[in-house]
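Asks: I would like to see how this sequence folds:
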Amino acid sequence: MEDVIKCPHCAEVIKQEATMCRFCQRGLSLTHFKKCGFCKEMVRIKATYCRFCSHDLSEPPPKHGPFNGAPVPRSPSGGPALKTEVALPLPQPQGELEMPKPRRLKRPEEE
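Replies: Purely as a prediction, here's the structure:
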């Protein structure tokens, strides 16, 4: 039997010589693919944009810090990780919240 491996992305069985998974269409070979500097997914070497995150690959990736949409890292104490970051308090409800009284729903045969 041929040498087979599991795809690291989708765990399907593929040939060991495969450069791209036939099931999930992700790149496996560094000879034909490179990692996107933004999302770290494998894209073709000649690609001009990433098919996963749609970033232009001619632009350099950010040098430090999370990009837009990434969660802000927190310290173990729950506060901001850096002194320059500010943790905003959650808004407190005004007065007591009124819960609606439960109603018993009637079944069609009870009417």
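Asks: quick one: E109 is in a helix?
Replies: Yes - counting by DSSP: H, G, I helix; E, B strand; the rest coil, E109 is found in a helix.
Asks: tell me which element P93 falls in.
Replies: Remark: P93 resides in no helix or strand, with elements defined by DSSP states H and E.
Asks: what's near enough to touch it?
Replies: Residues near P93 by C-beta atoms under 8 Å, 6 or more residues apart in numbering: none. All C-beta atoms are positioned from the backbone trio N, CA, C, and that covers glycine.
Asks: can you give me the strands in the protein?
Replies: With strands called from DSSP state E, the chain shows them at 4-6, 13-15, 33-35, 42-44.
Asks: Could I get the contacting residues of the closest residue to P8 other than its chain neighbours?
Replies: Nearest residue to P8, sequence neighbours excluded (C-beta to C-beta, 6 or more residues apart in numbering): L28, at 7.5 Å. Contacts for L28 (C-beta under 8 Å, 6+ apart) come out as 7-8, 14, 18-21, 42.
Asks: Now render those residues as a markdown table, adding pLDDT.
Replies: What follows is those, written out as a markdown table (pLDDT from 0 to 100):
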| residue | pLDDT |
| --- | --- |
| C7 | 91 |
| P8 | 88 |
| I14 | 93 |
| A18 | 89 |
| T19 | 89 |
| M20 | 89 |
| C21 | 91 |
| M42 | 88 |
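Asks: Would you mind listing where this protein has pLDDT under the threshold?
Replies: 1, 64-86, 110-111 (pLDDT under 70).
Asks: Which residue lies nearest the spatial centre of it?
Replies: C39 (8.7 Å; C-alpha atoms, centre = their mean).
Asks: Tell me how far that residue lies from A47.
Replies: 13 Å (C-beta to C-beta, to the nearest Å).
Asks: And F38, by the same measure?
Replies: For F38, the distance to A47 - C-beta to C-beta - is 12 Å.
Asks: Please apply the same query to C7.
Replies: Taking C-beta to C-beta, one finds C7 at 20 Å from A47.
Asks: swap in K34?
Replies: Taken as C-beta to C-beta, the span from K34 to A47 is 8 Å.
Asks: same deal with R107?
Replies: According to C-beta to C-beta, R107 and A47 sit 60 Å apart.
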